[in-house]
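J.: Fold the stuff below for me.
(one chain, ligands or ions: 4)
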Amino acid sequence: LWLDTNLRKALELEQLVVYYQPKLDRDGEVRSAEALVRWNSPERGLVPPGDFISYAEESGLIVPLGRWVMLNVLQQIVQWRNEGIYLRVAVNVSAKQLLNQSIYTDLKQALNEAGLTDCPIDIELTESCLIENEAGALTLMKQFQELGAQVHLDDFGTGYSSLSQLARVPIDAIKLDQSFVRNINKQPVAQSLVRAIVAVAKTLDLQVIAEGIETKAEEKFVMTNGVDGRQGYYYAKPMPAEQLGHWLAKHP
Ligand code: G
Ligand code: G
Ligand code: MN
Ligand code: NA
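T.: Ligands and ions are numbered 1, 2, ... in the order given. From the prediction side, this is the model:
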């Protein structure tokens, strides 16, 4: 109940804030960042998305919340461009948002409102999106791609994923779940799994992004095993937009 009244208010009162975590390409350049929403609650301080996203999904609030995130991110992209910073931003979209097909029209409308003619947004989806309404999800994924958004399969390798699924879904990249990276230097089988996933992805012309890189050793392993992109606390934690501007200026 606290969440219900207050999350609604949070949306109206603009208490949500978008943090950004940079992603490094193979060459070390940062060309995109992931948007991760937080709630700046006057009563509870900075509330992480894990504490309210599933509630937002159950209550349907995820739809206006997702619309707000999309518009806020595009406004930030425009502001960055005015400062000479060119970044794509990956936005997380949950299964409920795909069931309600407005997410695609919301993106198109937000691009218009932001005055953008290109689409610097990528979409991160989890495999649960495919389970809940596969036909609808596949159609939307193709529509996103036609608009110029890349579609990334998030948290790949957890839950119900199968490698054969990769061959039949319209995606541009997979984000290797953090649990693989965490185990790289503990379990030899994790190394084999990463190599196998990368091999299949290459055959299908998919990029592989490793999440949750925390150490130099983890970076070394993914870089020497064909991973295309990397993200994690080793480089930067999610941070407010302004801070990312400063971080980028110092990033070698
Ligand atoms: O930042 P953190 O690691 O606490 O994020 C936890 C989870 O919240 C992640 O799985 C992420 O995908 C999800 N999340 C963050 N921001 C958004 C958002 O804007 N929309 C949706 N649907 N999920 C988000
Ligand atoms: O499910 P999704 O991948 O969208 O969520 C990403 C989450 O992982 C975010 O909440 C982010 O804060 C967190 N995260 C990002 N990098 C790292 C990392 O290096 N280590 C850990 N433990 N969490 C991370
Ligand atoms: Mn994500
Ligand atoms: Na993920």
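J.: Just give the nearest non-adjacent residue to Phe221, would you?
T.: Nearest residue to Phe221, sequence neighbours excluded (C-beta to C-beta, 6 or more residues apart in numbering): Ile184, at 5.0 Å. In short, each C-beta sits where N, CA and C put it, glycine included.
J.: Roughly how far does that neighbour sit from ligand 4?
T.: Separation of Ile184 from ligand 4 (C-beta to the ion, to the nearest Å) stands at 16 Å.
J.: Enumerate the residues of the stretch 151-252 of the chain near ligand 3.
T.: When proximity is defined by C-beta under 5 Å from the ion, the stretch 151-252 of the chain lies next to ligand 3 at Asp154.
J.: residue contacts, the residue of the stretch 151-252 of the chain at minimum distance from ligand 1?
T.: Of all residues in the stretch 151-252 of the chain, the one sitting closest to ligand 1 is Pro238 (5.5 Å; C-beta to the nearest ligand atom). Taking C-beta atoms under 8 Å, 6 or more residues apart in numbering, we find Pro238 in contact with 19-21, 34, 36.
J.: How confident is the prediction for it, by pLDDT?
T.: Listed pLDDT for Pro238 reads 98.
J.: quick one: average pLDDT of stretch 56-66?
T.: Stretch 56-66 comes out at a mean pLDDT of 95.
J.: related to what we said a few turns ago, confirm for me that the residue nearest to Phe221 is in contact with Lys220.
T.: No. Ile184 is beyond contact range of Lys220, at 9.6 Å (criterion: C-beta atoms under 8 Å).
J.: who has more neighbours, these two?
T.: With neighbours defined as other C-beta atoms under 10 Å, Ile184 and Lys220 compare such that Ile184 has more, 21 against 13.
J.: quick one, phi/psi of the more buried one?
T.: Recorded main-chain torsions at Ile184 are phi -50, psi -40, according to degrees, to the nearest 10.
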